[in-house]
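In: Coordinates for the following, if possible.
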Amino acid sequence: MRKLPSGRWQARVLVDGRHVSLGSYAQKADANAALRDALGRQDTGTWVDPREGRITFGTYADEWIAGRHDLAMRTRQDYEDLLRLHLKPAFGTTPLADISVLTVLRWWSRASGPRRARPGPQDLPAAARDPQHRRRGRPHRSQPLPDQGRRRRQQP
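Out: Numbers count the residues shown, from 1 in each chain. Here you go, the predicted structure:
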């Protein structure tokens with residue numbers, strides 16, 4: 001952390017030997033809080049370098065699909081169609097860091113109009129549902145939670 005000539009405080013973390021800015025803050029306490037948060041997320045493996053968030057969804061999707069050599073041909077075609085027809089028109093030029101759950105929900109509500117075919121979340125590749133894979137282990141709302149579902153009747 002350092003004090004800038006403007007009097008604001010800049011929080012920074014070290015990534016691959018280089019300082020990456022987390023932003024500047026009017027109060028030193030705010031900069032400290034941002035730094036603690038980033039370091040905590042680095043420790044848990046959930047921190048994303050802000051520079052990586054500048055890549056657009058379209059670029060990320062192209063790199064993601066090109067790197068998926070494990071996909072069957074038909075699955076690859078389906079994913080490419082979903083990206084081309086639904087996701088890239090909506091998010092193609094948007095930086096990954098700007099895509100939030102709210103952004104996706106707003107898109108989803110527009111895409112679910114009465115006259116159009118509505119892509120289902122089960123149709124989207126994992127990277128399209130959550131490009132940063134920030135919420136691993138959190139089931140989609142349409143999937144039952146582990147303790148939900150059919151309960152077996154216990155034998156007397």
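In: pLDDT at Arg138, what is it?
Out: You'll see Arg138 listed with a pLDDT of 49.
In: got it, and Ser100?
Out: 85.
In: Check the one 5 residues further on too.
Out: As predicted, Leu105 sits at a pLDDT of 88.
In: for whichever strand or helix holds it, packing partners?
Out: Leu105 belongs to helix 101-111 when assigned by DSSP states H and E. With contacts taken as 3 or more Cβ pairs under 8 Å, 6 or more residues apart in numbering; DSSP states H and E, helix 101-111 sits against helix 88-91. Using the backbone N, CA and C atoms, a C-beta is placed for each residue, glycine as well.
In: what's the helix it packs on in contact with?
Out: For helix 88-91, contacts defined as Cβ atoms under 8 Å, 6 or more residues apart in numbering pick out 57-58, 61, 99, 103, 107, 111.
In: Are any of those buried, and if so which?
Out: Buried subset of the contacts of helix 88-91 (neighbour count, 16 or more other Cβ atoms under 10 Å): 57-58, 61, 99, 107.
In: Next step: the residues you listed restricted to strands.
Out: Of these, none are assigned to strands by DSSP state E.
In: picking up where we left off before, switch the contacts of helix 88-91 over to CSV, and while doing so, append distance to Leu85 to every line.
Out: Listed next are these as CSV, based on distance: Cβ to Cβ, whole Å:
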residue, distance to Leu85
Phe57, 14
Gly58, 13
Ala61, 12
Ile99, 18
Thr103, 19
Trp107, 13
Ala111, 11
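In: What is the nearest of those residues to Asp78?
Out: Nearest to Asp78 out of these is Ala61 (Cβ to Cβ; 13.7 Å).
In: Just read off the phi/psi values of the nearest residue to Asp49 once chain neighbours are set aside.
Out: In this structure, Asp49 finds its nearest non-sequential neighbour in Val15, 5.7 Å apart by Cβ to Cβ, 6 or more residues apart in numbering. Dihedral angles of Val15 (phi, psi; degrees, to the nearest 10) stand at phi -130, psi 120.
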